[in-house]
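Peer 1: Model the following, please.
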Amino acid sequence: MSFCKNCGNKTSELDKFCSSCGSAKGVNSITSRDNNINAINSEIKNNNIHIGDTYTYSNKIDPSTLNLTRSFIKPFWSKNKILAKRTTFVSLGSIGSIASIFSLYLSFPSNNAITQITTTIFTVFFIMMFSIGFYIKRSRFQHLIGLVNLETSKKDDIYLTRITCDCPWCDSKMKLRMIGPKENKKHQLLCQRNPSQHRILFDPTALSDIDDN
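Peer 2: Numbers count the residues shown, from 1 in each chain. Next up is the predicted model:
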């Protein structure tokens, strides 16, 4: 039989913790070093611990309270804001990809660097167009560049859009961006006032469908 050094309660020799106060027998401190924390034979490694008003990646926000707003970017050639038909992306992308790859193959015997670089650029462009047209049929929402996204309507028309909403914590504006590690980028709504902490993982299904009428 032994006694707890903290409260004097009787404890067994086999007990590692006091049943009265919870103190660890023989352990008087918690140590930290090199971004690690040792606590009673347990260790937390390579983690940053923040205690405070951090709202990052909150998934408890009701989308209806955010005032999600979709604004359209009108292409200069379009009268009704439509960028193109999705089928046009697929058709033009597939035909252009085949033609560009064939042209690239023919350009190698000539060793013309400018022709090869130009043809390579067109090949990449048409392959991307085909991929977007094929993928967006299922997702209906895809990031393009910067603050600009591609969305499809019920009639399979593709639009250029920007997404904004109200920050639920500071009443500032939030803008949709694609950020994160290269292999794991995600759509995130970032607050203009406090982008490091006020951010929300974006779910495209929270948006209403685009009505062509």
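Peer 1: What segments of the protein are helices?
Peer 2: Assigned helices in the chain, in chain order: 86-107, 113-139 (criterion: DSSP state H).
Peer 1: can you redo these as TSV with mean pLDDT?
Peer 2: Output for the helices of the chain, formatted as TSV (pLDDT from 0 to 100):
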stretch	mean pLDDT
helix 86-107	91
helix 113-139	91
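Peer 1: In TSV: those helices, plus distance to residue 71.
Peer 2: Where C-beta positions appear, they are placed from N, C-alpha and C, glycine not excepted. Output for the helices of the chain, formatted as TSV (distance: least, C-beta to C-beta, whole Å):
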stretch	distance to residue 71
helix 86-107	21
helix 113-139	19
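Peer 1: Please identify which of the ones you listed is closest to residue 65.
Peer 2: helix 113-139 (24.9 Å; C-beta to C-beta).
Peer 1: And the contacts of the top strand by length along the chain?
Peer 2: Among the segments of the chain that qualify as a strand by DSSP state E, the longest is strand 157-166. With contacts defined as C-beta atoms under 8 Å, 6 or more residues apart in numbering, strand 157-166 is touched by 66-73, 75, 81-86, 89, 133, 136, 144, 147-153, 172-176, 189, 202, 207, 210, 212.
Peer 1: Nearest residue to the middle of the chain?
Peer 2: Here the mean C-alpha position of the chain is nearest to the C-alpha of residue 186 (C-alpha atoms, centre = their mean), at a distance of 1.0 Å.
Peer 1: thinking that one is in contact with residue 177, fair?
Peer 2: No: using C-beta atoms under 8 Å as the test, residue 186 is too far from residue 177 to be in contact (9.5 Å).
Peer 1: so who does the closest residue in space to residue 100 that isn't next to it in sequence touch?
Peer 2: Once flanking residues are discounted, residue 100 sits nearest to residue 123: 3.8 Å by C-beta to C-beta, 6 or more residues apart in numbering. Counting by C-beta under 8 Å, 6+ apart, residue 123 touches 97, 100, 101, 104.
Peer 1: on that earlier part again, mind listing what the residue nearest to the centre of the chain touches?
Peer 2: 178, 179, 180, 201, 202.
Peer 1: What separation do you get for residue 163 and residue 78?
Peer 2: Distance, residue 163 to residue 78, using C-beta to C-beta, to the nearest Å: 20 Å.
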